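Engineer: could you look at this predicted model? Sequence included:
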Amino acid sequence: MLRRLLLLQVLASCLWLGHSKVVKSFASCPKFFYKGFTPNKALEPANPAWICQRYNNQSCFATLYDKTRRIPVYSAYIYQPGSGKRPQLSWFVEPQLIQPTYPRDMKTEQFLTKQYKISPQQIGQSQAITQDYKNLTELDRGHLSPSGHQNGNNNKSATFTLTNIVPQNSSLNKGAWKDYENQTMAQRTQGCTTTYVITGAVPGNTYIANNRVNKPSHIWSAACCQTNTNMKTWAVIAENNKNQVQNLTLGQLEANLSQLYGRKKVSLFHKACPR
């Protein structure tokens, strides 16, 4: 009996050690958060995965993912708009959500099916797959970390992973939210040396793809900017059924999210970022 208990303990420890950084923390990619400070536990889902989003052996941004609702809770990145066209490529998935021994870099479903002889259904047990986003009605694949905020082909390509995507209202995605991403961000970041961004989605009450993928009720974003002399912040939130973006302070957004999530007080950035 004692030997059996010891064996179970060893097996349990092996399973734990086998879990990659994807499911433990952002310890291997703290650079996407100001002073390495990550949002507090108020946003954590019941079935989370912490993903350091990697493409071509390079960390490009970070995502807290909800494996049950199959949408990201938020993606965090450094605002660096630059050269490179919007990629035209197949969408990626996260191999280590399927099996911790699979590649650390994002891959296409076709690659995983061919390399590991697994089906799209197996891939989709803990994340969205391409089929989930086909035949959308009045919805787009909405990036939380947008390609337009990244510099270079690798970083832009990395945003085209389904672990960075939510079903977003088409009018909002192509309208007020696009204006915020393209115009407002360019204006607000004037004078910034480094801008840290966290963009997220509040889970809603409806789903797409036969109840596989949650449709968020709200999309939100916050930024903390380091200038040569001080720190500044800004934030926005949008209902995911209207073409309208509401401008907020960081403190106002955190208070709104605390209400929307119905948990303890939400804190997104280090205390040095003004509320």
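Structural biologist: Great, that's in hand.

Engineer: can you pull out the strands in this protein?
Structural biologist: 48-54, 59-66, 71-78, 92-93, 107-108, 139-143, 165-169, 192-202, 206-208, 213-215, 218-227, 231-239, 246-248 (DSSP state E).

Engineer: quick one, which of those strands is nearest to Gln115?
Structural biologist: Closest approach to Gln115 among those (CB to CB): strand 107-108, 8.0 Å. Heads up, the C-betas are built off the backbone N, CA and C, glycines and all.

Engineer: what is that closest one packed up against?
Structural biologist: strand 92-93 (3 or more CB pairs under 8 Å, 6 or more residues apart in numbering; DSSP states H and E).

Engineer: contact partners of the strand it packs on?
Structural biologist: For strand 92-93, contacts defined as CB atoms under 8 Å, 6 or more residues apart in numbering pick out 55, 106-109, 112, 123, 127-129, 158, 160-163.

Engineer: among those residues, name the buried ones.
Structural biologist: 55, 106-107, 109, 112, 123, 127-129, 158, 160-163 (16 or more other CB atoms under 10 Å).

Engineer: any stretches of this structure with poor pLDDT?
Structural biologist: 1-23 (pLDDT under 70).

Engineer: go ahead and flag the most central residue of it.
Structural biologist: Residue closest to the mean C-alpha point of the chain, counted by CA atoms, centre = their mean, is Ser75 at 3.0 Å.

Engineer: which residues does that residue contact?
Structural biologist: Gln53, Phe61, Ala62, Thr63, Leu144, Ser145, Asn164, Ile198, Thr199, Gly200.

Engineer: list the beta-bridge partners for it.
Structural biologist: Thr63, Thr199 (DSSP bridges).

Engineer: between the contacts of strand 92-93, which sits nearest Asn228?
Structural biologist: Distances from Asn228 to the contacts of strand 92-93, taken by CB to CB, are shortest for Ala158, at 29.4 Å.

Engineer: does the closest one really touch Phe61, like I thought?
Structural biologist: Yes. With contacts counted by CB atoms under 8 Å, Ala158 reaches Phe61, the gap being 6.9 Å.

Engineer: overlap in contacts of the two?
Structural biologist: Going by CB under 8 Å, 6+ apart, residues that sit against Ala158 and also against Phe61 are Gln53, Gln150.

Engineer: hang on, the earlier thing: tell me how far the residue nearest to the centre of the chain lies from Lys85.
Structural biologist: Applying CB to CB, to the nearest Å, the value for Ser75 to Lys85 is 21 Å.

Engineer: quick check, nearest of the buried ones among the contacts of strand 92-93 to Gly204?
Structural biologist: Ala128 (15.0 Å).

Engineer: if I look at the closest one, how far off is Gln190?
Structural biologist: Counting by CB to CB, the gap from Ala128 to Gln190 is 36 Å.

Engineer: again with Met231
Structural biologist: 15 Å.

Engineer: how about Thr137?
Structural biologist: Using CB to CB, Thr137 is found at 39 Å from Gln190.

Engineer: repeat that for Asn57.
Structural biologist: Distance, Asn57 to Gln190, by CB to CB: 34 Å.

Engineer: again with Gln259
Structural biologist: In terms of CB to CB, Gln259 sits 32 Å off from Gln190.

Engineer: likewise Tyr55?
Structural biologist: 29 Å.

Engineer: swap in Leu253?
Structural biologist: 21 Å.

Engineer: who has more neighbours out of these two?
Structural biologist: Legend: neighbour count by other CB atoms under 10 Å for Leu253 and Gln190, higher for Leu253 (25 against 8).
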